[in-house]
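S.K.: model this:
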Amino acid sequence: MKRFLAYALIMAMLVMLCGCSSKENPEDQNTGKEDDKIQIAMSFDSFVIERWQRDRDIFVSTAKELGATVNVQNANGDVEKQKEQIEYFIKKGVDVIVIVCIDSDSLKSTVQKAKEEGIKIIAYDRLVANSDIDLYITFDNEMVGTMMAEALSKNGASGGQVIMLEGSPLDNNVNAVEKGFLRVCEREGITVLDSIFCDGWRAEIAADYIYDHEDNIAKANGIMCGNDNLAGQVIRALSEKRLAGNLPVVGQDADLEACQRIVEGTQTMTVYKPVDMLAKRAAECAIDLANGRKVSGVDVTTINDGTYNIPYIGLSPIAVTKENIDEVIIGSGFHLKEDVYLNMPAK
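M.R.: Presented below is the predicted three-dimensional model:
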């Protein structure tokens, strides 16, 4: 009996040992597969601006289809937090960092540190200046400003006066938009009555301007807003003064509410940026850079970042008015017709 029990115990131990050695650890297996994938990191300024969520979703979806993993972080408009996020990505040893920057100057040293670690850097929509990054991909922001001024000119501002309620002074794109806007103003004899920046893209600053500068509003023939979020607050303030729809207002990004205002007649124009195209192209470029390939294509040129000539992709925006909104916005699937015309009476 003792011999039988000893034999049974030995056999049981052998079975257990065989089972342990043949069974793979799922956690280790997943880690191995994850390590083999391209690691892309994204740091967003914030998601206050409606379009950033769409950019994020399209980029992540495309990158995953191409075999990469994406770690998305939101800095909530805090530049120190954005620097911490980039430091975290450096420690993780990611292959590529995609940045929607808050303050270009503040990020320079952190970006340089990432480059020294062999990490590729893509500035998404907003330039990280003087940093010799691997790619700046955006829309043609001077063209955005040109379209804004032309829309105001066509709607009564030619030879008149306009107010510029611009975005954050830390955003490099704001300067480019301003440049395109002022060029048209000079050509069309438009005088800029007043101009302010909205720190952190805070829309309440634009609304407060309307409340606090009644004299300027009375003199103006149009208002340029840095984006549709600012335009929304401006139009709400104008509506309280019974001026909404009487004073031309332009913005950019083709936010859903902006498109609704256009068909309602309270916003004159928005600039549509095909963010699906931008996000997909950026994801493809990130994969190329991670694999050691240079970004190439007919859309790739160079731009000076203040110090260095860097690879640049600048996609073309589209001016959207009541006349072409069905074709451009609804036809492209950017917004649904029932959503755009939500507040309009059924025909």
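
S.K.: host element of N130?
M.R.: N130 belongs to no helix or strand when assigned by DSSP states H and E.

S.K.: wait, it sits on N304?
M.R.: No: here N130 does not reach N304: they are 9.8 Å apart, not a contact under Cβ atoms under 8 Å. In short, each C-beta sits where N, CA and C put it, glycine included.

S.K.: so the two - more neighbours on which side?
M.R.: More neighbours sit around N130 than around the other of N130 and N304, counting by other Cβ atoms under 10 Å; the figures are 16 against 11.

S.K.: residue contacts, that one?
M.R.: Contacts for N130 (Cβ atoms under 8 Å, 6 or more residues apart in numbering) come out as 104, 108, 305-308.

S.K.: A114: which of those residues is nearest?
M.R.: Closest approach to A114 among these (Cβ to Cβ): K108, at 11.0 Å.

S.K.: got the contact list for the residue nearest to the closest one when sequence neighbours are not counted?
M.R.: Excluding its sequence neighbours, the residue lying closest to K108 (Cβ to Cβ, 6 or more residues apart in numbering) is S131, at 5.4 Å. By Cβ under 8 Å, 6+ apart, the contact set of S131 is 104, 107-108, 111-112, 115, 121, 305, 308.

S.K.: tell me the one of those nearest K273?
M.R.: When the contacts of S131 are compared for distance to K273 (Cβ to Cβ), S104 comes out closest, at 19.8 Å.

S.K.: which residues sit against stretch 74-84?
M.R.: Here stretch 74-84 has contacts from 43-48, 85, 99, 101-103, 106-107, 110, 200, using Cβ under 8 Å, 6+ apart.

S.K.: stretch 229-243 too?
M.R.: The contact list for stretch 229-243 (Cβ under 8 Å, 6+ apart) reads 48-50, 165, 167, 198, 201, 203-204, 206-207, 209-211, 214, 217, 223, 225, 244, 247, 249-251, 253, 255, 257-258, 261, 266-267, 270.

S.K.: all helices for the protein, in order.
M.R.: 2-22, 26-36, 51-65, 79-92, 104-116, 141-152, 172-188, 203-212, 214-219, 228-240, 256-264, 275-290, 325, 337-340 (DSSP state H).

S.K.: and the third one, what other elements does it pack with?
M.R.: Other helices and strands packing on helix 51-65, by 3 or more Cβ pairs under 8 Å, 6 or more residues apart in numbering; DSSP states H and E, are strand 38-44, strand 68-74, helix 275-290.

S.K.: related to what we said a few turns ago, pick the most buried one from the helices of the chain.
M.R.: With neighbours defined as mean count of other Cβ atoms under 10 Å, the helices of the chain peak in mean count at helix 141-152, which reaches a mean of 24.

S.K.: picking up where we left off before, make JSON lines from the helices and strands packed on helix 51-65 and add mean pLDDT and distance to G159 to it.
M.R.: Shown next, in JSON lines, are the helices and strands packed on helix 51-65 (pLDDT from 0 to 100; distance: least, Cβ to Cβ, whole Å):
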{"stretch": "strand 38-44", "mean pLDDT": "97", "distance to G159": "41"}
{"stretch": "strand 68-74", "mean pLDDT": "96", "distance to G159": "44"}
{"stretch": "helix 275-290", "mean pLDDT": "96", "distance to G159": "35"}
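
S.K.: tell me which of those lies nearest to K91.
M.R.: Nearest of the helices and strands packed on helix 51-65 to K91, taken as Cβ to Cβ: strand 38-44 at 10.9 Å.

S.K.: name the strands paired with that closest one and say parallel or antiparallel.
M.R.: Applying DSSP bridges, strand 38-44 is found paired with strand 68-74 (parallel), strand 96-99 (parallel).

S.K.: next, the angle from that strand to helix 51-65.
M.R.: Angle of strand 38-44 versus helix 51-65, following axes from the mean of the first three to the mean of the last three Cα atoms, to 10 degrees, is 180 degrees.

S.K.: show me the beta-bridge partners of the closest residue to A286 other than its chain neighbours.
M.R.: Spatially, and ignoring its direct neighbours in sequence, A286 is nearest to V96 (4.6 Å; Cβ to Cβ, 6+ apart). Beta bridges link V96 to I40, K120 when assigned by DSSP bridges.
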